[in-house]
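Trainee: Quick one, structure for this:
(2 chains)
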Amino acid sequence: MVNYYIKRTGQMVVTLYAVVTIAFGLVRFLPGGPATALRAQLMQDDVPSEVIAQRIELYLSVNPDAPLLDQYISYMSNIFLNGSLGKSVFIQRQTPVTEILAEALPWTLFIVISSIILFHIMAVVIGALMAYWEGSLFDTVNSAIAIVFTSIPFYVLAIVLVWILGYEMSLFPVGNRYGDAIDPGLSVTYILDVIYHGALPIASMVITQYGVRALSFRGNSIQILGEDFVRVARLRGLSDSRIALWYVGRNAILPLYTGFLLSLGWLLGGTVILEEIFNYPGIGLKFIEALEVRDYPVIMGVFIMITVALVVGIYIADLTYGKIDPRIETGDQSEAF
Amino acid sequence: MKHSETDSQDGLEWTYDASQEVGMTRREKLREYYEEYLYKPGLVAWSDWRTRIGYAIVGLYLLFAVIAQFNLYRPPEASQEMPMLQAFQEGSAILGSNTIGQDILSLMIHATPEMLIMIVSGAVFAIVIAVLVGTFAGFKGGRVDSALMFAADVGMSIPGLPLVLVLTSTLRPTNPAIIGIIITINYWAGLSRAIRAQTLSIRENSYVEASRVMGVSTPRIMFKDIIPNLMPYITVNFVNACRAVIFFSVGLYYLGFLPYTNANWGVVLNNAYTQGAILGGSYVWLMAPIVMIMLLSLGLILIAQGMDRVFNPRVRTRLAGESESVEGDAEEGEVDTFGGAM
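Mentor: Prediction:
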């Protein structure tokens, strides 16, 4: 059992390493990519040619004139040992990328995590009710609604929400994290205002994402309701709520939990468009700003940060998955053919 | 089929028949192929309202593509109409026009062919890689499995949209097929894991073991024994991959990080949103691309949902009139039609 945790931790470290290596590959080898583009920009700014390599190193942590292995080692050590992602070239000149991102990340996480929690709750509640009343009007109507909502891309719903609730009816703000007049602090008005500003982005994620999960939860529950162990539990005279929670719910939620891992990464990536539409200053908006002016250190910084968040998220979820489903800890090594 | 019954009873006829049995004529083969792969699946698919609507919707888009390809409807051009016409205001531009006087209906129609190329190339790419990696890893097991699944894990941990944005903004692809492939560049990762998991249980079947003992080569086992069993899952995921390409590509065009083409739903959406369709009151301009995206996505979901009935052998034979005894309960053994990706 301990073995599983050690193995999983090792796997996470290796994955992180591989992902950052890919980022290095993108910086260094992409035609017209970061290193080349930055060089061209610096030359345009009349920076003397001897200093260019130094400047590039300052920004990207990569000296394009050094041998490749040296570049690789310096890039990796900068990220893993110094925790540095280079410095911004344009958006906020010379500011370390980590500083820019540290300021923006909590807001993105606020949107992403509240959406994930909300749509999973919705999916489980609605899915369970649909399974319970299988074939009823409630089931049919909700299935249809779920399918229709799922077919809307979240950013399209975001645009519609901004249009109707933001501009037409002026019910919700169309930008920023909180109102100008409100002092940040741990006051009730501040927290309410943050929720008020985050409501539309979160709503557009929740409404477009819950349907898939609700339908799959419904399917799982219906399948499990027919299993022998549920019948036996009924025969033993266990209470309905106990059967629903411990016999059906616990098993039906397993596939949903794996989906949870995937949705985390998908949503983090999706914030790039979402924050642009709502003009919500999180890392996604920073990414777009950086991409527009080709501020590569920031672009790569967001890229690495989202990836790291994802790897760590999957790691945590995997470790806790073992607690929910004991079978996982025995490992799934397969015999070689 | 009748042959085998008489054969066993009558030796004489058996020798006579043998020479005939050797080769089916091409016509018979074609006929069998048609029955097995087109007629029966078609029958089942058609019997389900979801697939019927789904096919009708996708057919509509194919029609749009044909219209655009053969220029049966005028291509969008600036000031072909008065700017900012409302829908149904002029007979020549049913859906109205935008600020520079382009016919919105024509913008919608002429975006379709590129979009379909993008969708198909991206989805085919993602599925082929995922199936090859997944079945190979699952069947081979051991080190090969660990190595491939490590690669899949790394691929899965890279968030799709930011990676695609970095790639498209530096590579600036213009060919729709290549855009499709870039969009699904790491879509295979998650899918190959799921396919591997299914392969793991299929490879324990006795017929796979028999093939292995007979020394059948790995590719042959993969293509003859394993992949046909996965076809339901693969088809459903193909449709999902199509939807992913739509989501991403329209999103990328909306953000403006793909080389500008005049006619793409995402570009129209962006123009409408930024150039004041909302404030100017031209709702059709904004709604038209939204409806185009939603409808195609809805059609694909419906096909995916109805599809798993096609692969359920009991429903198939019942509808083809070959067996009456089985009360088909189509819902049984339903594949997870969404695959969790979106």
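Trainee: And the residue of chain B closest to chain A?
Mentor: Closest residue of chain B to chain A, Cβ to the nearest Cβ: residue B:142 (2.4 Å). All C-beta atoms are positioned from the backbone trio N, CA, C, and that covers glycine.
Trainee: for the chain, what's the longest helix?
Mentor: You didn't pick a chain, so chain A it is. Longest helix in chain A, counting residues (DSSP state H): helix A:188-225.
Trainee: look at chain B instead
Mentor: Criterion DSSP H: the longest helix present in chain B is helix B:104-140.
Trainee: what's that helix packed up against?
Mentor: With contacts defined as 3 or more Cβ pairs under 8 Å, 6 or more residues apart in numbering or on different chains; DSSP states H and E, helix B:104-140 has these neighbours: helix B:49-69, helix B:142-157, helix B:176-183, helix B:187-202, helix B:218-220, helix B:227-255, helix B:265-274, helix B:283-310.
Trainee: What sits closest to the residue most central in space within chain A if chain neighbours are left out?
Mentor: For chain A, residue A:268 is the residue whose C-alpha lies nearest the centre (Cα atoms, centre = their mean; 2.5 Å). Nearest non-adjacent residue to residue A:268, counting by Cβ to Cβ, 6 or more residues apart in numbering or on different chains: residue A:306, 4.9 Å away.
Trainee: Over to residue B:105?
Mentor: residue B:95 is the one closest to residue B:105 (Cβ to Cβ, 6+ apart), at 4.4 Å.
Trainee: do the same with residue A:305
Mentor: Using Cβ to Cβ, 6+ apart and skipping residues adjacent in sequence, the residue nearest residue A:305 is residue A:101, 5.5 Å away.
Trainee: Distance check, that neighbour against chain B.
Mentor: With distances taken as Cβ to the nearest Cβ, to the nearest Å, residue A:101 is found 13 Å from chain B.
Trainee: can you check residue A:271 too?
Mentor: 9 Å.
Trainee: now residue A:124
Mentor: On the measure of Cβ to the nearest Cβ, residue A:124 and chain B end up 15 Å apart.
Trainee: which residues does that residue contact?
Mentor: Contacts for residue A:124 (Cβ atoms under 8 Å, 6 or more residues apart in numbering or on different chains) come out as A:213, A:214, A:217, A:249, A:253, A:256.
Trainee: Which one (most neighbours) among those residues?
Mentor: Scoring those on neighbours with other Cβ atoms under 10 Å in any protein chain shown, the highest-scoring entry is residue A:214 at 29 neighbours.
Trainee: Was I right to think it contacts residue A:144?
Mentor: No: judged on Cβ atoms under 8 Å, residue A:214 makes no contact with residue A:144 at a distance of 11.9 Å.
Trainee: what's the closest of the contacts of residue A:124 to residue B:162?
Mentor: Nearest to residue B:162 among the contacts of residue A:124 is residue A:213, at 23.5 Å by Cβ to Cβ.
Trainee: Could you list the low-pLDDT ranges of chain A?
Mentor: By pLDDT under 70, the weakly predicted segments of chain A are A:1-2, A:31-34, A:61-65, A:90, A:179-186, A:258, A:261-262, A:326-337.
Trainee: Show me the helices in it, by range?
Mentor: Going by DSSP H, chain A shows helices at A:2-29, A:34-44, A:49-60, A:68-80, A:97-132, A:137-150, A:154-161, A:188-225, A:228-235, A:240-242, A:250-278, A:283-293, A:296-324.
Trainee: relative to helix A:250-278, how tilted is the longest helix of chain A?
Mentor: If you take axes from the mean of the first three to the mean of the last three Cα atoms, to 10 degrees, helix A:188-225 sits at 140 degrees to helix A:250-278.
Trainee: pLDDT weak spots in the stretch 151-300 of chain B?
Mentor: For the stretch 151-300 of chain B, applying pLDDT under 70 flags the ranges B:260-263, B:276-282.
Trainee: Tell me the residues of it that contact chain A?
Mentor: Taking Cβ under 8 Å from any Cβ of the partner chain as the contact definition, the stretch 151-300 of chain B meets chain A at B:153-154, B:156-163, B:165-167, B:169-172, B:190, B:200, B:203, B:212, B:246-247, B:250-251, B:254-255, B:257, B:269, B:273, B:278-279, B:286, B:290, B:293-294, B:297-298.
Trainee: Emit the PyMOL select command for whichever of the residues you listed are buried.
Mentor: Those of those that count as buried under 16 or more other Cβ atoms under 10 Å in any protein chain shown are selected in PyMOL with:
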select buried, chain B and resi 153+154+156+157+158+159+160+161+162+163+165+166+167+169+170+171+190+200+203+246+247+250+251+254+255+257+269+273+278+286+290+293+294+297+298
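Trainee: List the residues that contact the residue nearest to residue A:268.
Mentor: Taking Cβ under 8 Å, 6+ apart as the test, what residue A:306 contacts is A:265, A:268, A:269, A:283, B:159, B:162.
Trainee: can you put those in JSON lines and add distance to residue A:198?
Mentor: Below are these laid out as JSON lines (distance: Cβ to Cβ, whole Å):
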{"residue": "A:265", "distance to residue A:198": "20"}
{"residue": "A:268", "distance to residue A:198": "15"}
{"residue": "A:269", "distance to residue A:198": "18"}
{"residue": "A:283", "distance to residue A:198": "15"}
{"residue": "B:159", "distance to residue A:198": "21"}
{"residue": "B:162", "distance to residue A:198": "21"}
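Trainee: farthest pair in those residues?
Mentor: Greatest spatial distance in the contacts of residue A:306: A:265 and A:283, 13.8 Å, computed using Cβ to Cβ.
Trainee: More neighbours: which of the two?
Mentor: Higher neighbour count among residue A:265 and residue A:283: residue A:283, with 29 against 24, using other Cβ under 10 Å.
Trainee: Pretty sure that one sits against residue A:102.
Mentor: No: using Cβ under 8 Å, residue A:283 makes no contact with residue A:102, being 9.7 Å away.
Trainee: rewinding a little: want to try JSON lines for the helices and strands packed on helix B:104-140, with distance to residue A:68 as columns?
Mentor: Shown next, in JSON lines, are these (distance: least, Cβ to Cβ, whole Å):
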{"stretch": "helix B:49-69", "distance to residue A:68": "46"}
{"stretch": "helix B:142-157", "distance to residue A:68": "21"}
{"stretch": "helix B:176-183", "distance to residue A:68": "25"}
{"stretch": "helix B:187-202", "distance to residue A:68": "27"}
{"stretch": "helix B:218-220", "distance to residue A:68": "36"}
{"stretch": "helix B:227-255", "distance to residue A:68": "31"}
{"stretch": "helix B:265-274", "distance to residue A:68": "38"}
{"stretch": "helix B:283-310", "distance to residue A:68": "44"}
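Trainee: closest to residue A:290 out of the ones you listed?
Mentor: helix B:227-255 (12.8 Å).
Trainee: tilt between the closest one and helix B:265-274?
Mentor: For helix B:227-255 against helix B:265-274, the angle by the same axes, to 10 degrees is 30 degrees.
Trainee: List the buried residues of helix B:227-255.
Mentor: For helix B:227-255, using 16+ other Cβ under 10 Å, the buried residues are B:227, B:229-230, B:232-255.
Trainee: what about that helix, distance to the chain center?
Mentor: Computed by Cα atoms, centre = their mean, to the nearest Å, the chain-centroid distance of helix B:227-255 equals 6 Å.
Trainee: relative orientation of that helix and helix B:104-140 in degrees?
Mentor: Using the same axes, to 10 degrees: helix B:227-255 against helix B:104-140 is 140 degrees.
Trainee: you'd agree residue B:295 is up against residue B:57?
Mentor: Yes: between residue B:295 and residue B:57 there is a contact under Cβ under 8 Å: 5.9 Å.
Trainee: out of those two, which sits in the busier spot?
Mentor: Neighbour tally, residue B:295 and residue B:57, criterion other Cβ under 10 Å: the higher count belongs to residue B:57, 19 against 15.
Trainee: wait, what's in contact with that one?
Mentor: If a contact means Cβ under 8 Å, 6+ apart, then residue B:57 has B:295, B:296, B:298, B:299, B:302 as its contacts.
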